[in-house]
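Visitor: using only what follows, build the 3D model:
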Amino acid sequence: MPTCILAIESSCDDTSCAVCVDGKILANEVATQHIHEQYGGVVPELASRSHLKNIVPVVDIALKKAQVELKDISAVAFTRGPGLMGSLLVGGMFAKSLAQSLDVPLIDVHHIQAHILAHFIDEPKPQFPFLCLTVSGGHTQLVVVKDYLEMEIIGQTIDDAVGEAFDKTAKMLGLPYPGGPLIDKYAQSGDVLKFPFSEPKIPELNFSFSGFKTQVLYFLQKQEKLNPNFIQENLADICASIQYNLIKILINKLKTASQQFSINEIAIAGGVAANSELRKQLQSTANQLNWKVYIPDFQYCTDNAGMIAITAYYKFLKKQFCAINIPIQPRLNF
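Guide: Take a look at the predicted model:
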């Protein structure tokens, strides 16, 4: 009998449901919330309310697209953390109720581990061990992936994530939320070397982006005193310079990790994996250092239930189920 997993992802502001049969994603539906754009960032209470409205329709659409009925479900999976408490609770309680009503196992999934295992949805798939750089609005981590369910963090941000650095610097430039994709857009016609920014000297394989944001802020304040129209007249070059230097920080740490652990299988995951400069610098470095690079399809880079489903599939094979009363953990450890 096929192993059919229904997965729910609701860690932030996207409500998603996926259906996975024997390791193949048959449906991956996402309801995106646009209400947060007017506030310049995700409002947790509004996100929770939107999840409540979206979750049943999204599950219904996913089941129909996959041509699967509830009686066919082998297990129900959900994101346990990390994420926003209210958002996680909506997805978690729905998944628990569904699993209990169907009398099938419940599988809890770590959001970041799922981003990493998104590489096993489609071909080509990385070979173990591989290095994964996970980059998103909330996380920046370097992970050695030894097996599907065996991973070790070797470096992470000590303050802000790189995705947050993109969004916050975009806000300084007067760009709407989410600003990261807009910086990428304007950077296409800019000069990456026009405005140099120094790289933070953070020990070992860890990252820090708070100082970089402060550096950009002081730079803009100084230039605007000299020319009030500085941002407007130099937007493309500013975006290109910010993006180039942020990505350079990531690539340099990745190079160090590759040499330190003697691993040439390199993967990137998370929403920032869609960034064009990251892909450009990664491919250039791969050509120089003979790396094999893996990037998931765009729909599996941003928050989605497909990555939750594939992770749950590997946990199902190991019979790693959880109790119905397992608590949600917004700061779930890796």
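
Visitor: hey, let's count contacts and neighbours off CA atoms from now on
Guide: Fine.

Visitor: what about Asp160, how many neighbours?
Guide: Using other C-alpha atoms under 10 Å, Asp160 has 19 neighbouring residues.

Visitor: ok, residues contacting stretch 279-294?
Guide: With contacts defined as C-alpha atoms under 8 Å, 6 or more residues apart in numbering, stretch 279-294 is touched by 119, 124-126, 247-248, 251, 264-268, 273.

Visitor: of those residues, buried ones?
Guide: His119, Lys125, Pro126, Ile247, Lys248, Ile251, Asn264, Glu265, Ile266, Ala267, Ile268, Ala273 (16 or more other C-alpha atoms under 10 Å).

Visitor: so which of those are in helices?
Guide: Ile247, Lys248, Ile251 (DSSP state H).

Visitor: quick one: the second one from Asp237, how far?
Guide: Spelled out, it's Lys248. Distance of Lys248 to Asp237, computed by C-alpha to C-alpha, to the nearest Å: 16 Å.

Visitor: cool, Gly271 as well?
Guide: Computed as C-alpha to C-alpha, the Gly271 to Asp237 distance reads 23 Å.

Visitor: equivalent analysis for Thr79, please.
Guide: Counting by C-alpha to C-alpha - Thr79 and Asp237 are separated by 39 Å.

Visitor: helix/strand/coil for the closest residue in space to Ile247 that isn't next to it in sequence?
Guide: Spatially, and ignoring its direct neighbours in sequence, Ile247 is nearest to Leu278 (5.7 Å; C-alpha to C-alpha, 6 or more residues apart in numbering). With DSSP: H, G, I helix; E, B strand; the rest coil as the basis, the three-state label of Leu278 is helix.

Visitor: Leu278 and Asn245 touch, don't they?
Guide: No. Using C-alpha atoms under 8 Å, Leu278 makes no contact with Asn245, being 10.4 Å away.

Visitor: still on that earlier bit, out of the buried ones among the contacts of stretch 279-294, give me the two with the largest separation.
Guide: Lys125 and Lys248 (25.3 Å; C-alpha to C-alpha).

Visitor: buried residues of stretch 322-334, list them for me.
Guide: Within stretch 322-334, the residues scored as buried using 16+ other C-alpha under 10 Å are Ile324, Ile328, Gln329, Pro330.

Visitor: want to throw those into TSV with secondary structure?
Guide: Shown next, in TSV, are these (three-state DSSP):
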residue	secondary structure
Ile324	coil
Ile328	coil
Gln329	coil
Pro330	coil
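
Visitor: what about Thr79 and Asp237, which has more around it?
Guide: Ranked by neighbour count (other C-alpha under 10 Å), Thr79 and Asp237 place Thr79 first, with 31 against 21.

Visitor: that one: which element?
Guide: strand 75-81 (DSSP states H and E).

Visitor: now the buried ones among the contacts of stretch 279-294 as TSV including distance to Cys4 and pLDDT?
Guide: Shown next, in TSV, are these (distance: C-alpha to C-alpha, whole Å; pLDDT from 0 to 100):
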residue	distance to Cys4	pLDDT
His119	19	97
Lys125	21	96
Pro126	24	97
Ile247	39	97
Lys248	41	96
Ile251	38	97
Asn264	34	98
Glu265	30	98
Ile266	30	98
Ala267	27	97
Ile268	27	96
Ala273	29	90
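
Visitor: out of these, which sit inside strands?
Guide: Among the buried ones among the contacts of stretch 279-294, the residues falling in strands (DSSP state E) are Glu265, Ile266, Ala267, Ile268.

Visitor: and these, which is closest to Tyr148?
Guide: Nearest to Tyr148 among those: Ala267, at 13.8 Å, using C-alpha to C-alpha.

Visitor: contact partners for the closest one?
Guide: Each residue near Ala267 by C-alpha under 8 Å, 6+ apart is listed here: His119, Pro126, Phe130, Leu131, Cys132, Leu133, Val293, Tyr294, Ile295.

Visitor: what of Ile121?
Guide: Contacts for Ile121 (C-alpha under 8 Å, 6+ apart) come out as Gly23, Lys24, Ile25, Gly306, Met307, Ile310.
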